[in-house]
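this is a predicted model, with the sequence first.
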Amino acid sequence: MGFPGTWMTESESMVYRVVPKCACSTIGQIMYYSDHGRFFDGDIHDSTEGLHKWAQDASQPKIEANVLKHASYSFTCVRNPYTRILSSFFDKICGIQRNGRRYRGNLVPLLIQKYGIDVGGDDGKQEFDQIRSFRRFLLFARDTIRWRRPMDPDIHWSAMSGHVSTFIVNGGTYDNIFFTETFNEGMQSVLDAVEVAHPVDLASIPRFNESEGHGPKRAHPVADYFDDLSMHLVYEMYKRDFEVFKYDFEDPSNKMPVGEIDLDEVHKKLGD
């Protein structure tokens, strides 16, 4: 199985388990900068040099040897499940991707046909009922997670705990899991724990939000998208995320965590 979704600096100063929709573009660029003193020109997900990635065959032996020995500081970053699934909807379902096309080709036409979802027309710029459409998307996301129909769940809306757990199950250990909602504080705690060739000033670096501008802007407060049924679906999909990463299921308007992450609990509950 190995360590899918794992990135490591070439200097092996740090190891990061990517969780989609949780500041991964910014984290990857910070890692790249810490080794090279410059940011990658483009979307860091497209880089094929300057950063070890499990998806690159030559990187796999190095990542595996490092993680199994716990030779470097290992971390990941998580996000409120309510805002994460909303972000996935606007970016991946409503948005035009950086290649100029819809995400995953025939996915959006399938959703329009089978679930009655509206995405704001061919360019995603027309007005549409965001709340109604999002709630229908939630039914689809639940179907993919619960029954793997009409397709397997996509990495952008599959549970964070699933991403985080593969690293543990296959022999990795986290030193730090921090919150997207307190990003600078969390990322600083990582940088404080490692030695880097090029110091990173978090206050001055740009935010590499690669999904920004892909889709329509959210027209309503987060809580407006979630009625009782929507909250039930979210809990069905992300129960474990709320529990181990300490987010507030009862109040979709509260994006902040309600407690500190207990790394021992994470390793125990997600390491089975």
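Yep, it's here. Residues are numbered from 1 along each chain as shown.

please report the distance of Met8 from Leu202.
Remark: distance between Met8 and Leu202 (Cβ to Cβ, to the nearest Å) = 20 Å. (C-beta placed from N, C-alpha, C; glycine too.)

and those two? Which one has more around it.
Using other Cβ atoms under 10 Å, the more surrounded residue of Met8 and Leu202 is Met8, with 24 against 14.

would you agree the more buried one falls within a helix?
No. Going by DSSP: H, G, I helix; E, B strand; the rest coil, the assignment for Met8 is strand, not a helix.

you'd agree it is up against Pro61?
No. Applying Cβ atoms under 8 Å as the test, Met8 and Pro61 come out as separate, 11.5 Å apart.

contacting residues around the worst-scoring helix or strand of the chain on mean pLDDT?
In the chain, no helix or strand scores lower on mean pLDDT, DSSP states H and E than helix 107-115, which sits at a mean of 94. Identification of contacts with helix 107-115 by Cβ atoms under 8 Å, 6 or more residues apart in numbering yields 93, 102, 117-119, 136-137, 139-140, 150-151.

so whatever helix or strand comes next after it versus helix 107-115, what angle?
Using DSSP states H and E, the helix or strand that directly follows helix 107-115 along the chain is helix 130-147. Angle, helix 130-147 to helix 107-115, by axes from the mean of the first three to the mean of the last three Cα atoms, to 10 degrees: 90 degrees.

and helix 130-147, how far from the chain's centre?
18 Å (Cα atoms, centre = their mean, to the nearest Å).

other SSEs contacting it?
helix 81-88, helix 107-115, helix 228-245 (3 or more Cβ pairs under 8 Å, 6 or more residues apart in numbering; DSSP states H and E).

which of the ones you listed sits most buried?
Most buried of those by mean neighbour count (mean count of other Cβ atoms under 10 Å) is helix 81-88; its value is a mean of 23.

that one - what's its average pLDDT?
In this model, helix 81-88 has an average pLDDT of 97.

what packs against that helix?
Using 3+ Cβ pairs under 8 Å, 6+ apart as the test, helix 81-88 ends up in contact with helix 130-147, helix 228-245.

what are the pairing partners of the strand ranked longest in the chain, and which direction each?
Of all the segments of type strand in the chain, defined by DSSP state E, the longest one is strand 73-78. Paired neighbours of strand 73-78 in the sheet (DSSP bridges): strand 14-17 (parallel), strand 176-179 (parallel).

could you dump those into a markdown table with mean pLDDT and distance to Asp224 added?
Output for the strands paired with strand 73-78, formatted as a markdown table (pLDDT from 0 to 100; distance: least, Cβ to Cβ, whole Å):
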| stretch | mean pLDDT | distance to Asp224 |
| --- | --- | --- |
| strand 14-17 | 98 | 32 |
| strand 176-179 | 98 | 23 |
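
out of those strands, which is the most enclosed?
Comparing the strands paired with strand 73-78 by mean count of other Cβ under 10 Å gives strand 14-17 as most buried, with a mean of 26.

for that one, give me every contacting residue.
For strand 14-17, contacts defined as Cβ under 8 Å, 6+ apart pick out 3, 5-8, 27-28, 31, 34, 63, 66-67, 72-76, 163-164, 166-167, 172, 174, 190, 194.

that strand: how far from the chain's middle?
On Cα atoms, centre = their mean, the centre of strand 14-17 falls 14 Å from that of its chain.

swap in stretch 199-216?
Remark: stretch 199-216 is offset 14 Å from the chain centroid, using Cα atoms, centre = their mean.

one more: stretch 255-270?
16 Å.

any idea how far apart the tips of that stretch sit?
23 Å (Cα to Cα, to the nearest Å).

same question for it, mean pLDDT?
98.

for it, which positions count as buried?
255, 257, 261, 266-267, 270 (16 or more other Cβ atoms under 10 Å).

for stretch 21-41, same thing?
For stretch 21-41, by 16+ other Cβ under 10 Å, it's 21-36, 40.
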